[in-house]
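Undergrad: Attaching a predicted model along with its sequence, questions to come.
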Number of protein chains: 2
Amino acid sequence: MIHAHPSQPVDRASPGPYGSVMPNPPRPAAIVAGEVSPRAQQTIYPQPLAARVAGRLKRSLGDAFGLRNFGVNQTRLAPGAISALRHAHALQDEFIYVLAGRPHLVTNAGELQLEPGMCAGFPAGTGDAHQLVNRSDAEVIYLEIGDRTPGDSATYPDDDLKVVAGPDGRWICMHKDGTPY
Amino acid sequence: MIHAHPSQPVDRASPGPYGSVMPNPPRPAAIVAGEVSPRAQQTIYPQPLAARVAGRLKRSLGDAFGLRNFGVNQTRLAPGAISALRHAHALQDEFIYVLAGRPHLVTNAGELQLEPGMCAGFPAGTGDAHQLVNRSDAEVIYLEIGDRTPGDSATYPDDDLKVVAGPDGRWICMHKDGTPY
């Protein structure tokens, strides 16, 4: 257990540019989720697949506090937008909680319309591919949580896409036959 | 990647009573968070510390879907109730998102009143001990997320308590000097 002064939290997992453990800037005690700047990179998909998630806006909430073991996003879907191409993770558990609006949850089993206060979880390794689709005329806002287990991959039954986590944790997108985009 | 039939998901991490991998009952596609049964065990604290979290009610949302890498709870605090004894985890990241009410967040740095739509994250290993306290006359409802990194422990600067995860993942509560409760 490291006891760091709160104004100089020690970041144990991220070595500095010379390999030593460097202190990070002070982190906020709390934030208003809707006021967090949208993520600089809104999608990992290559074109033309990236255009499919137009109308989706992600704000990274967990990263704002330096969380490393899992990510938490507040995500907004404009009318017609989707959360992601329908996919299933090999190692990552995922969870969503609807804050506003009525998205449809699409899984291998079919569709189900959700409403605020409803949630869904997607355990790793089941192969049950999922996505949210906003078929309504109103904005959808939800929280999404996913862990960062190393070596993860995701399969996309409806699209010519396979995604694999590289050794540095970054996602690598490829065609289903393994050729690069 | 295991592709299991959605009506018979394969539970890879939990061997059956004879050590083989047994199918679990079908999992829901989605649930209403507030309608989930409260957790059978509401606190791990021994008496007299357990009495300190009276008025707190936890519903396990992630477990309802078989998630293993992290837990998600919907937790309610009656007026006067607290989320936990103020504590800091060695290895587990934690995150909270306020759905209703105005709890005070207490950390090493002091207090801050939150409101719906605000969130806070507590990275592992900083030693910054935290809790929520409902000093208002209205109920507080929030989501709490924590990962399940093995070998975790938690320290409690204000109380004679230390908590260590056993080899099976269950929490073991002890006095600060290591003697059992």
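TA: Ah, there it is. Everything numeric here is computed off the predicted structure, so don't read it as measured data.
Undergrad: Doesn't A:Ala120 lie inside a helix?
TA: No - counting by DSSP: H, G, I helix; E, B strand; the rest coil, one finds A:Ala120 to be strand, located in no helix.
Undergrad: Is it in contact with B:Ala33, as I believe?
TA: No - look at A:Ala120 against B:Ala33 with CB atoms under 8 Å: they stay out of range, at 10.4 Å. All C-beta atoms are positioned from the backbone trio N, CA, C, and that covers glycine.
Undergrad: In terms of packing, which of those two has more residues around it?
TA: Neighbours were counted for A:Ala120 and for B:Ala33 using other CB atoms under 10 Å in any protein chain shown; A:Ala120 has more, 24 against 21.
Undergrad: Could I get the contacting residues of that one?
TA: Neighbour list for A:Ala120: A:95-96, A:105, A:114, A:130, B:29-31, B:65 [criterion: CB atoms under 8 Å, 6 or more residues apart in numbering or on different chains].
Undergrad: Can you tell me which of these is nearest A:His89?
TA: Nearest to A:His89 among the contacts of A:Ala120: A:His130, at 9.6 Å, using CB to CB.
Undergrad: correct me, but the closest one touches A:Ala109?
TA: No - with contact defined as CB under 8 Å, A:His130 does not count as touching A:Ala109 (9.8 Å).
Undergrad: Of the two, which one has the most company?
TA: Neighbour count, other CB under 10 Å: between A:His130 and A:Ala109, A:His130 has more, with 22 against 13.
Undergrad: tell me the phi and psi of the more buried one?
TA: Dihedral pair for A:His130: phi -140, psi 160, per degrees, to the nearest 10.
Undergrad: Could you give the bridge partners of it?
TA: Beta bridges link A:His130 to A:His87, judged by DSSP bridges.
Undergrad: Quick check: pLDDT value at it.
TA: A:His130 is assigned a predicted lDDT (pLDDT) of 98.
Undergrad: How about A:Ala13?
TA: 39.
Undergrad: where in chain A is pLDDT low?
TA: A:1-25 (pLDDT under 70).
Undergrad: Would you map the helices across it?
TA: For chain A, none of the segments meets the definition of helices by DSSP state H.
Undergrad: Look at A:Thr180 and say how many residues are nearby.
TA: For residue A:180 the amino acid is Pro, not Thr. A:Pro180: 8 neighbours (other CB under 10 Å).
Undergrad: and the spatially closest residue to A:Gly62 that is not a sequence neighbour, what are its bridge partners?
TA: Leaving aside its chain neighbours, A:Gly62 sits nearest to A:Val72 (3.9 Å; criterion: CB to CB, 6 or more residues apart in numbering or on different chains). With DSSP bridges applied, A:Val72 shows beta-bridge pairing to A:Ile145.
Undergrad: before we move on, the earlier item: next, give me the two most distant ones among the contacts of A:Ala120.
TA: A:His130 and B:Ile31 (14.6 Å).
Undergrad: follow-up on the earlier one: tell me the one of the contacts of A:Ala120 nearest B:Thr149?
TA: Among those, and counting by CB to CB, the member closest to B:Thr149 is A:Phe95, at 17.0 Å.
Undergrad: Let me see the contact set for the closest one.
TA: Residues in contact with A:Phe95 (CB under 8 Å, 6+ apart) are A:119-122, A:144-146, B:61-62, B:65, B:67, B:70, B:72, B:145.
Undergrad: With A:Gln41 instead?
TA: Under the criterion of CB under 8 Å, 6+ apart, A:Gln41 has no neighbours.
Undergrad: same question, A:Tyr142
TA: By CB under 8 Å, 6+ apart, the contact set of A:Tyr142 is A:74-75, A:77, A:83, A:96-101, A:103, A:132.
Undergrad: Of these, which belong to strands?
TA: Among the contacts of A:Tyr142, the members found in strands (DSSP state E) are A:74-75, A:77, A:96-100, A:132.
Undergrad: thinking again about what came up before, the residue nearest to A:Gly62 contacts B:Ile145, correct?
TA: Yes - using CB under 8 Å, A:Val72 is in contact with B:Ile145, at 6.7 Å.
Undergrad: Mind listing the shared neighbours of the two?
TA: Residues touching both A:Val72 and B:Ile145 by CB under 8 Å, 6+ apart: A:145, B:95.
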